[in-house]
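In: Need the 3D shape of this:
(one chain, ligands or ions: 1)
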Amino acid sequence: MDNPVYYENFEWENLNISQLKDKVSKILSIIPDNVNSIIDVGSGNGIITNELHKKYNVTAVDRSKKALSFVKAKKIQADCSNIPIENNSFDMVFSSELLEHLEKNTFYKTLNELKRLTKKYLFITVPNDENLRKTDIQCPECKFIYNRAYHLRNFKAKDFKICFKDFKIIYSETFGKKVRYYNPLISKIKQKISPAKSWIPYYWTPKNNRQTMCPKCEHKFVYEYKFNIFSFACDMLNILISHKKPYWLFVLLEKN
Ligand SMILES: [Zn+2]
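Out: This next block holds a predicted model:
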């Protein structure tokens, strides 16, 4: 979701705690006992932030003014790649479902901000080892192909060893609803041999949840589904060879 227009106008009011109750309980159970102050980088509308705020001294950072209006903790409107706060200001830096959305340049700057702000811990949650192609959409106007959730990168736990060289992973866990992985080779073939309208079958996404905006040309459209036998065959083949696994990855790191 790197398009600023889309991000600001996102329907933040429709995201609420009931959708993430289990996830929040899990997060609370992982936070180490010696944590008092937390900065939540990319807080969005504060679904998680507001729960953390009940127990900890929390500061939220987000670039959307609208999203921050739902946050009950202390808040700062800023880009995650440039946060106007001094080094080592918090016991723990928390970031949930942010890193997968960032373009290369912003991504590396943001990693530096996360490292710089924490005294001790980094707690990151991201989607667990996604094949981004699985939910690609093609814009009918400019033909640009993009991930439905605007995810630009995927992660395994070991990737965080590389991202955060001065930290060690002290805990990692996959968690949440199990979703089926999509084999990278099959997804590549599927995109080559079948039309874009068949890529995301109706049984993956209901009709009322198919509005989107192209991040390149800002064209708004509904990605309708049209059956295609080759596309269907790829999905069936994938069921035979790919396993289901929990949707999220939680990683807790400690500064060396
Ligand atoms: Zn477009």
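
In: what are the ranges of the helices in the stretch 1-150 of the chain?
Out: Using DSSP state H, counting those that start in this stretch, the helices of the stretch 1-150 of the chain run over residues 4-9, 21-30, 47-52, 65-68, 104-117.

In: Turn those helices into a markdown table, including mean neighbour count and distance to the ion.
Out: All C-beta spots, glycine's among them, are computed from the backbone N, C-alpha and C. A markdown table is the format used below for the helices of the stretch 1-150 of the chain (neighbours: other CB atoms under 10 Å; distance: least, CB to the ion, whole Å):
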| stretch | mean neighbour count | distance to the ion |
| --- | --- | --- |
| helix 4-9 | 13 | 12 |
| helix 21-30 | 14 | 32 |
| helix 47-52 | 22 | 30 |
| helix 65-68 | 17 | 24 |
| helix 104-117 | 16 | 21 |
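
In: Going by mean pLDDT, which of the ones you listed comes out lowest?
Out: Out of the helices of the stretch 1-150 of the chain, helix 4-9 stands lowest, with a mean of 66 (criterion: mean pLDDT).

In: so Val126 makes contact with Phe175?
Out: No: at 11.4 Å, Val126 does not count as touching Phe175 under the criterion of CB atoms under 8 Å.

In: between those two, who's got more neighbours?
Out: Val126 (25 against 16; other CB atoms under 10 Å).

In: Enumerate every residue touching that one.
Out: Applying CB atoms under 8 Å, 6 or more residues apart in numbering to Val126 gives the contacts 97, 99-100, 155, 248-249, 251.

In: beta partners for the closest residue to it other than its chain neighbours?
Out: Spatial nearest neighbour of Val126, excluding adjacent residues (CB to CB, 6 or more residues apart in numbering): Phe155 at 4.7 Å. Residues in a beta bridge with Phe155, per DSSP bridges, are Asn128.

In: Pull the number of nearby residues for Phe155.
Out: That count, for Phe155 with other CB under 10 Å as the rule, works out to 19.

In: Check Trp12 too.
Out: 20.

In: Write out the residues of the stretch 151-256 of the chain neighbouring the ion.
Out: Residues of the stretch 151-256 of the chain lying close to the ion by CB under 5 Å from the ion are 214, 216-217, 219.

In: where's Lys178, which helix or strand?
Out: strand 167-180 (DSSP states H and E).

In: List the pairing partners of that strand within its sheet, with orientation.
Out: strand 244-255 (antiparallel).

In: Please compute how far the strand it pairs with lies from its chain's middle.
Out: How far strand 244-255 lies from its chain's middle: 12 Å, per CA atoms, centre = their mean, to the nearest Å.

In: One more: stretch 50-65?
Out: The answer for stretch 50-65 is 17 Å, by CA atoms, centre = their mean.

In: same deal with stretch 111-120?
Out: The answer for stretch 111-120 is 19 Å, by CA atoms, centre = their mean.

In: can you pull the contacts of Ile47?
Out: Contacts of Ile47 (CB under 8 Å, 6+ apart): 15-17, 19-20, 24.

In: one more time with 10 Å, if that's ok
Out: By CB atoms under 10 Å, 6 or more residues apart in numbering, Ile47 lies in contact with 12, 15-21, 23-24, 70-71, 96.

In: nearest to Ile85, of those residues?
Out: Taking CB to CB as the measure, Ile85 sits nearest to Val71 out of the contacts of Ile47, at 15.9 Å.

In: List the buried residues of the strand holding Lys178.
Out: Along strand 167-180, the positions that meet the burial threshold by neighbour count (16 or more other CB atoms under 10 Å) are 167, 169, 172-173, 175-176.
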